[in-house]
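Peer 1: sequence below, structure please.
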Amino acid sequence: MQELIERIGSFFRKNYVAFLKYLKSVRSEMKRVTWPTKKELYTSTLMVTAVLFVVSIFVYFVDNIFTFLFLHVLYKMH
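Peer 2: Presented below is the predicted three-dimensional model:
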């Protein structure tokens, strides 16, 4: 148990500086991010929802067509 605690402590001592450096770089990168405006966010969300709806309807119909064809072929074989 003592060895495990020593290994964990050693791990944190070795990686503490690297972790702080990582957090500093994340903070710096977050300052450079260009966030969307409310209007851009609303428009993007609306577009994604519309495309999702259209694709869902398409997949629904394709699924029904393949189900019909599969069952038609399956019952013809009997």
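
Peer 1: so which strand or helix has Ala50?
Peer 2: helix 38-77 (DSSP states H and E).

Peer 1: show me what that helix is packed against.
Peer 2: Using 3 or more CB pairs under 8 Å, 6 or more residues apart in numbering; DSSP states H and E as the contact definition, helix 38-77 packs against no other helix or strand. Backbone N, C-alpha and C define where each C-beta goes, glycine included.

Peer 1: quick one: distance of it to the chain centre.
Peer 2: 20 Å (CA atoms, centre = their mean, to the nearest Å).

Peer 1: equivalent analysis for stretch 30-43, please.
Peer 2: 19 Å.

Peer 1: likewise for stretch 16-36?
Peer 2: With CA atoms, centre = their mean, you get 21 Å for stretch 16-36.

Peer 1: next, the contact list for the most centrally placed residue in the chain, please.
Peer 2: Against the mean C-alpha coordinate of the chain, by CA atoms, centre = their mean, the closest residue is Val48 at 14.5 Å. Listed by CB atoms under 8 Å, 6 or more residues apart in numbering, the contact set of Val48 is empty.

Peer 1: okay, now the domains of this structure?
Peer 2: Using automatic domain parsing, the domain parsing of the chain gives 1-33, 35-78.

Peer 1: could I get the ones you listed as a markdown table with mean pLDDT?
Peer 2: Formatted as a markdown table, these follow (pLDDT from 0 to 100):
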| stretch | mean pLDDT |
| --- | --- |
| domain 1-33 | 87 |
| domain 35-78 | 95 |
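
Peer 1: separation between Glu6 and Val17?
Peer 2: Between Glu6 and Val17 the computed distance is 19 Å (CB to CB, to the nearest Å).
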